[in-house]
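> Show me the folded form of this:
(chains A and B)
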Number of protein chains: 2
Amino acid sequence: MTATGRRRPRAPRSTGLNQAAFGQRVRPYAPVRVISLDQVEAIHQAALRVLSVIGIRVLDPTARSLYAQAGATIIEDRVRLDPAMIEGLLKTVPESFTLSARNPIHDVVVGGDVCVYTSVGGPAYVMDNDRGRRDGTFAEMCDFMRLVQSLNVLHQEGGGPFEPMDLPANTRHLDIYRAQITLVDKTWQGQTLGRARTMDGIELAALSLGTTPDGLKDRPVLVGVINTNSPLQLDIPMAEGLIAMAEHGQPVAITPFTLAGAMAPVTIGGALTQQHAEAMAVIALTQIVRPGAPVLYGGFTSNVDMRTGSPAFGTPEYMKAAQASGQLARRIGVPFRSSNVTAANDVDAQAAYESQMALFGALMGGCHLLEHGAGWMHGGLTASFEKLILDAELLQMMDAYFEPIRTDADSLALDAIEEAGPGGHFFGTAHTMDRYGKAFHTPLLSNWDNYPTWLDKGGIDARTRAHQVWTALLKDYEQPPLDPGIAEAIDAYVARRKEEGGAPMN
Amino acid sequence: MTATGRRRPRAPRSTGLNQAAFGQRVRPYAPVRVISLDQVEAIHQAALRVLSVIGIRVLDPTARSLYAQAGATIIEDRVRLDPAMIEGLLKTVPESFTLSARNPIHDVVVGGDVCVYTSVGGPAYVMDNDRGRRDGTFAEMCDFMRLVQSLNVLHQEGGGPFEPMDLPANTRHLDIYRAQITLVDKTWQGQTLGRARTMDGIELAALSLGTTPDGLKDRPVLVGVINTNSPLQLDIPMAEGLIAMAEHGQPVAITPFTLAGAMAPVTIGGALTQQHAEAMAVIALTQIVRPGAPVLYGGFTSNVDMRTGSPAFGTPEYMKAAQASGQLARRIGVPFRSSNVTAANDVDAQAAYESQMALFGALMGGCHLLEHGAGWMHGGLTASFEKLILDAELLQMMDAYFEPIRTDADSLALDAIEEAGPGGHFFGTAHTMDRYGKAFHTPLLSNWDNYPTWLDKGGIDARTRAHQVWTALLKDYEQPPLDPGIAEAIDAYVARRKEEGGAPMN
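Prediction:
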């Protein structure tokens, strides 16, 4: 089980479909600023005030004593942190870090001007065009993961796309982890609900890289999401997950679930203040556990439909809150996590425009980790095979948008303009012939046939084409090679932990 | 026929559907810069070089002599303009102007940090869910215009949504103009293909405001689009239309049709150079005709599908070209025109995401006039009733995105956060109750029901909901009042011009 055993760089897969190569694109444009620097400061100061005056309720006694040791004021389960303490703890947060994949060509950077695009994680249900929404099975979940591996635009598996309901709940996470490691050779996300599940992820991630949990302490490989129980509350399973991850130097994305009008104030300014307070308090805990532990600032502020109380996603409020969250994360020097979200019920125009709003919020907000980058539907309750393809196309388009416009002499093309001349055309010029193969984004999903041709070919809409794309991709899937010794060690670990009864139900 | 006759401010229409009031929203965020100031300068200088070295072919002798009088070098039909001449002529272009509607509450500003949203103009065909794509009739065209009137988010009728094929081609424009004036009381666009059609528009616009063409010279009311015949060519009908509009102080949007890889270089930098050259040359002509005539810089650079040669729209290349075009327009101090475009064949996810890309390109590119803001399909060949509603929703969402995040003490909501407390909720707090009615964007098209409720209600996708929205809006339409004397004068003009045989066919 040597390092060489797992280092087999492979070329990005070719599926016959149009995909750009695996890689993180540099965003060459400044993030959009939706609030002024004075406004950033006003929210930051208000959030510090929330933490010193109101504080945060921490249900886990271990977490409370960690806060206490670091100087917080504890009264019952309420933890109050003063501004100097927060600022001191934030100083050790790393601005960026690299995540190691088991295939090193799939290593990714978190921070700077690049983003990690993940697949959807966590929904209860699965859906596709043929079978509608339903409980998912392990076999289907594996198919979804195979597609995540096959889509070059996705950098990371997002933590299990949906629950495999045919598996027992106490050991399900073990089968998911094994699938993540064997079907995908990109980085992946662990489950952080309680210490047992978290440690199983860390143990298996270590085994997949031929090392031990201790060997990961300075080598981030696994990402976990820690949600606060907004408003201003951290529950026991999340605190346990956070502590286990931070102890082992593994990054968590601290994500307050601040739905304006429900778990947060109805004003976006107020919801952001609460988000910023919760994020800072819990980011601080990671640094108490292990100074320098990698951590992200999660922005998830959205709003409810005030007529029904239902959460809405990909709204204009979501988009500007995401961009403001990016500004707040940069204010405190913490990498920024955002998401690709929609409340749409079908893979239709609404699903596209809400996800697009969310993506502009995230990617033009300076996002470093895009959670639920592909496949999220129904406000997070469902993973969709067709939405996975739609989102992959949206992400490919953003990557192409990030390709800078060049203005060297060749690109300005004065010679070509002279050659074509007034009234001429550029189809046959040398300038065109030399470049046309790679000049533009080639779509995965979009159809640009003219209308009569499109009708002749069956008049197939985007939702149906997405189905065709994923079934074709799945047919072409090849499982990435894994050192047999590592595979055996993983199997043995999973078998042992199943025998032990898996993880307690939270 | 006095001014008072037409000045009847009316409240925005209430249709039972969720619409924000008519008005232009200030964009509170800086436009996205996709190229550096050095790159802007490189393109600008290259474009000036194109005009001095290669020049532009001008087919209309009148236009050529206007250029000659202003100091251009003319050899046969080729007009060469030196940089100093161009820069001198650009100096008189107004940075902004107001367009008068026949209902003054619908007056709009072109320039600054606001945008005019227009409806689609010019397609050959019409389509809707029930009847597919087909030749349009005058009756259907009038229905489309009624919807343009009813949608508060639209500021301007875009020049006739599609051809009414049941009317004779030589007089069709007269019926379209009359419909624009009588069914809509917002600003509208004229047809600029040849002098006769252009002058009919100017005459009728003048009558609708109780004045004469001379009375409009310092009062912009009508917008026309002037396309170059790329590469580097201005044809006779467009030159005639431009001259008539500029003589009467009416704005034209000079729009090169620079499809990278076909009528322009395959590089975006090259296509932008050619666009900038064509735009500057033709903008200059408006200032020769009448210094100070209002004019816009049109950016329409897109790319072809290099496999088929079909034009593609709403691509990543389109989006960055639009934002770069905004930078180039600002460089020369001319208001910027962009568009909402897609090559999709159905009102599906592709139609949504391509239009959304185009809208971000336009509106975050500092656009002042959004052509084809709602209803454009099939790369401009078709106007769609359902796409009209989809786009209205996208525009409403952009307007809501432009609502600034407030950070006054009330908005930061520290009291509400304290009142709710850790683990509480905000549904019932005074802070929420006081604000919830107007806190967030309320959608026209989006459905936020949970999945079971959505299924119970029939599982209706966005395309079908759009159909329901436009049929409901149309039922509620009320024709805006028009002074009977003005109506009579318009009828008489149309009758006389029909008797004269209308306009020659170009």
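> Mind telling me what element the residue of the stretch 51-200 of chain A found nearest chain B is part of?
Nearest residue of the stretch 51-200 of chain A to chain B, counting by Cβ to the nearest Cβ: A:R57, 3.6 Å away. Glycine gets a C-beta too; all of them are placed from N, C-alpha and C. Per DSSP states H and E, A:R57 falls inside strand A:56-58.
> Tell me which strands that strand pairs with, and in which orientation.
strand A:78-80 (antiparallel), strand A:233-234 (parallel) (DSSP bridges).
> hey, which of the ones you listed is tucked in deepest?
Among the strands paired with strand A:56-58, the stretch with the highest mean neighbour count (mean count of other Cβ atoms under 10 Å in any protein chain shown) is strand A:233-234, at a mean of 24.
> Let's see whatever helix or strand comes next after it as CSV, backbone CA atoms only.
Going down the chain from strand A:233-234, the next helix or strand is helix A:236-247, by DSSP H and E. C-alpha atoms of helix A:236-247 as CSV (Å, rounded to 0.1, in the frame of the first residue of the first chain):
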residue,chain,number,x,y,z
ILE,A,236,-25.0,18.2,19.9
PRO,A,237,-24.5,16.0,16.8
MET,A,238,-23.2,19.0,14.8
ALA,A,239,-20.8,20.0,17.6
GLU,A,240,-19.5,16.4,17.8
GLY,A,241,-19.0,16.3,14.0
LEU,A,242,-17.2,19.7,14.1
ILE,A,243,-14.9,18.7,16.9
ALA,A,244,-14.0,15.4,15.3
MET,A,245,-13.3,17.1,11.9
ALA,A,246,-11.3,20.0,13.4
GLU,A,247,-9.2,17.6,15.6
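> What are the buried residues along helix A:236-247?
A:I236, A:P237, A:M238, A:A239, A:E240, A:G241, A:L242, A:I243, A:A244, A:M245, A:A246, A:E247 (16 or more other Cβ atoms under 10 Å in any protein chain shown).
> need those in JSON lines with pLDDT and distance to chain B, can you?
Shown next, in JSON lines, are the buried residues of helix A:236-247 (pLDDT from 0 to 100; distance: Cβ to the nearest Cβ, whole Å):
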{"residue": "A:I236", "pLDDT": "98", "distance to chain B": "13"}
{"residue": "A:P237", "pLDDT": "97", "distance to chain B": "15"}
{"residue": "A:M238", "pLDDT": "98", "distance to chain B": "14"}
{"residue": "A:A239", "pLDDT": "98", "distance to chain B": "14"}
{"residue": "A:E240", "pLDDT": "98", "distance to chain B": "19"}
{"residue": "A:G241", "pLDDT": "98", "distance to chain B": "19"}
{"residue": "A:L242", "pLDDT": "98", "distance to chain B": "17"}
{"residue": "A:I243", "pLDDT": "98", "distance to chain B": "20"}
{"residue": "A:A244", "pLDDT": "98", "distance to chain B": "24"}
{"residue": "A:M245", "pLDDT": "98", "distance to chain B": "23"}
{"residue": "A:A246", "pLDDT": "98", "distance to chain B": "22"}
{"residue": "A:E247", "pLDDT": "98", "distance to chain B": "26"}
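> circling back to that earlier point, quick check: mean pLDDT across the strand holding A:R57?
Average pLDDT, strand A:56-58: 98.
> just stretch A:119-130 next, same as before
pLDDT averaged over stretch A:119-130 gives 97.
> Can you point out the buried residues in that stretch?
A:S119, A:V120, A:G121, A:G122, A:P123, A:Y125, A:V126, A:M127, A:D128, A:N129.
> swap in stretch A:463-472?
A:R463, A:T464, A:R465, A:A466, A:H467, A:V469, A:W470, A:T471.
> Helices - which of these land there?
Residues of these located in helices (DSSP state H): A:R463, A:T464, A:R465, A:A466, A:H467, A:V469, A:W470, A:T471.
> For the residue of the stretch 101-250 of chain A found nearest chain B, list the residues it contacts.
Residue nearest to chain B within the stretch 101-250 of chain A (Cβ to the nearest Cβ): A:L232, separated by 4.0 Å. If a contact means Cβ atoms under 8 Å, 6 or more residues apart in numbering or on different chains, then A:L232 has A:V50, A:I54, A:G55, A:I56, A:R57, A:Q274, A:A277, A:E278, B:I417, B:G421, B:P422, B:G423 as its contacts.
> Can you tell me which of the residues you listed are buried?
By neighbour count, with 16+ other Cβ under 10 Å, those hold A:V50, A:I54, A:G55, A:I56, A:R57, A:Q274, A:A277, A:E278, B:I417, B:P422 as buried.
> want to try TSV for those residues, with distance to A:L154 as columns?
TSV is the format used below for those (distance: Cβ to Cβ, whole Å):
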residue	distance to A:L154
A:V50	36
A:I54	40
A:G55	39
A:I56	34
A:R57	36
A:Q274	31
A:A277	32
A:E278	29
B:I417	37
B:P422	37
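> quick one: which of those residues sit in helices?
Those of the buried ones among the contacts of A:L232 lying in helices (DSSP H): A:Q274, A:A277, A:E278, B:I417.
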